[in-house]
Each structure stands twice: as C-alpha cells, then as structure tokens.
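Visitor: give me a 3D structure for the following:
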Amino acid sequence: MLQLKDQAYDAIRHHIITCRFAPGEKLNEAQVAEALGLSRMPVRHALARLRLEGLVTIRPRKGIEVRPIDPVELLQITEARTVNECYSTRLAAQRFSPQDAAEMQAVLKETEAALKRRDTEAMMLLDKTFHDIIARASGNAVISDILGNLHDRAVRFWFISLDEQTHQGSVLREHRAIFEALAAHDPEAANDAMTRHIEAFRRNVMLLIGR
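Guide: This is a model prediction of the structure:
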C-alpha cells in the first residue's frame with residue numbers, strides 16, 4: 001500500500017502534468033491537502049519532491065507556484081530527445097522482437113480507441129508506454145534511463161500537445177509509421193520516422209503555447 005506521502009506525490013504530480021494545476025498557478029499547501037483529503041505533512045513532502053523535479057517552485061514567504069511552461073526548456077528537451085531517442089530507435093529496429101511488436105500493436109489499438117473517445121489522459125499515458133517499449137527494445141539500459149528522465153520532463157508538454165484534437169490523429173499516424181519501420185527492422189526508416197515525430201511534437205507545442 002502506498003504511503004500517504006507517495007499518494008500525495010502521485011496525485012499532485014498528475015494534477016500538474018494534466019494542467020489541472022495550471023502552469024504559473026499559485027498553490028496553497030492547506031488547500032491542496034484539503035482537496036486531496038490528506039493531512040498537510042504528506043503534501044509538504046510531495047511538494048518538496050516535486051520541487052526537486054522542477055515541477056513547482058517554493059519560495060519562502062512567497063508560496064508555491066506550478067512551474068510555468070518554458071519554451072527554452074521545450075527546445076532543450078527536444079534537442080536531447082532527437083539525439084538520444086532517435087539513436088535508441090535505430091537500436092530498437094535492429095533488436096525488435098515479436099514480443100515487442102505484439103506489445104506495441106496492443107498499445108496502438110488502445111490508442112485508436114482512446115482517440116475515438118477523445119480521452120486525452122489515456123492517450124498521454126499510452127504515448128509514454130509506446131516510447132517506453134522502444135527504449136526497452138533498444139537493449140541499452142543507460143539510454144533507457146536517460147530517456148525515462150527526458151520523458152518525465154516532457155510529459156506536461158505531451159499533455160498540452162495531445163489536448164489539441166487534430167494533433168491526436170497525427171500522433172497515432174506517426175506512431176504507426178515508427179512501428180512499421182521497427183517491425184521491418186529498418187534502422188534508417190525508424191530514425192527518420194522518430195525524427196519527424198519529435199519535430200511535429202515540438203512545432204505543435206510551440207504553436208499552442210504561443211497563442
């Protein structure tokens with residue numbers, strides 16, 4: 001059973017990455033605790049952990065603020081993903097197993113269902129699972145750890161991007177193109193498909209946050 005501080009962490013983090021706690025929003029420890037039905041101590045521990053992850057800023061006498069969306073951070077994450085994730089995808093194309101293919105096909109099927117019911121949160125989680133399969137299929141644990149960190153930092157951007165309905169269909173098509181290249185064991189095609197996917201993500205988020 002999760003400890004209360006872990007429950008608080010999971011709940012607050014989910015509110016932040018799904019923008020229920022909006023970028024730049026001021027948070028009050030007591031109000032958050034009341035909303036979650038928890039005491040203030042586990043909420044305090046959770047907020048301290050989220051501060052270390054860069055999702056909130058805590059300033060003495062000024063309170064707690066959800067970290068605003070930063071276009072510079074988006075660019076840096078995109079650059080890091082392009083280097084690491086595209087290489088990981090090339091490795092995965094060489095090592096893609098029937099089990100990897102079956103898992104990815106199941107994720108694509110679930111993504112199609114989530115798209116039809118316009119379930120943005122489900123699509124965000126499935127998007128992460130899709131990329132996790134590629135990282136694992138690469139067979140390189142060090143790169144997988146790097147990508148895990150990048151994906152955690154990018155997850156709020158993912159939600160913003162996927163909350164735009166027309167982009168959801170594009171993401172599914174891009175994922176299918178990546179899958180086809182992986183299943184064909186074609187590193188060059190997989191690399192190109194992932195590059196296009198990451199760039200489309202960057203462009204869409206920049207367009208949305210620039211409104």
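Visitor: buried residues in stretch 5-13, which are they?
Guide: 5, 7, 8, 9, 11, 12, 13 (16 or more other CB atoms under 10 Å). For the C-beta atoms, the positions are set from N, CA and C on the backbone; glycine is no exception.
Visitor: check stretch 195-207 too.
Guide: The neighbour-count check on stretch 195-207 (16+ other CB under 10 Å) flags 197, 198, 200, 201, 202, 204, 205 as buried.
Visitor: pretty sure the first one contacts residue 178?
Guide: If I follow you right, that is residue 197. Yes. Residue 197 lies in contact with residue 178 (CB atoms under 8 Å); the separation is 6.3 Å.
Visitor: got any residues that touch both of these two?
Guide: Residues touching both residue 197 and residue 178 (CB atoms under 8 Å, 6 or more residues apart in numbering): none.
Visitor: out of the buried residues of stretch 195-207, which sit inside helices?
Guide: If you go by DSSP state H, these have 197, 198, 200, 201, 202, 204, 205 in helices.
Visitor: how about the helix or strand hosting residue 108 as PDB, C-alpha atoms only?
Guide: Assigned by DSSP states H and E, residue 108 belongs to helix 98-116. Output in PDB follows, covering the C-alpha atoms of helix 98-116 (Å, rounded to 0.1, in the frame of the first residue of the first chain):
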ATOM      1  CA  PRO A  98       8.000 -10.500 -31.800                       C
ATOM      2  CA  GLN A  99       7.100  -9.700 -28.100                       C
ATOM      3  CA  ASP A 100       8.000  -6.000 -28.600                       C
ATOM      4  CA  ALA A 101       5.800  -6.000 -31.800                       C
ATOM      5  CA  ALA A 102       2.900  -7.600 -30.000                       C
ATOM      6  CA  GLU A 103       3.100  -5.100 -27.100                       C
ATOM      7  CA  MET A 104       3.300  -2.100 -29.500                       C
ATOM      8  CA  GLN A 105       0.400  -3.300 -31.600                       C
ATOM      9  CA  ALA A 106      -1.700  -3.600 -28.400                       C
ATOM     10  CA  VAL A 107      -0.700   0.000 -27.500                       C
ATOM     11  CA  LEU A 108      -1.600   1.200 -31.000                       C
ATOM     12  CA  LYS A 109      -5.000  -0.500 -30.700                       C
ATOM     13  CA  GLU A 110      -5.700   1.100 -27.300                       C
ATOM     14  CA  THR A 111      -4.600   4.500 -28.700                       C
ATOM     15  CA  GLU A 112      -7.000   4.200 -31.500                       C
ATOM     16  CA  ALA A 113      -9.800   3.500 -29.000                       C
ATOM     17  CA  ALA A 114      -8.700   6.500 -26.800                       C
ATOM     18  CA  LEU A 115      -8.700   8.700 -29.800                       C
ATOM     19  CA  LYS A 116     -12.200   7.800 -30.700                       C
END
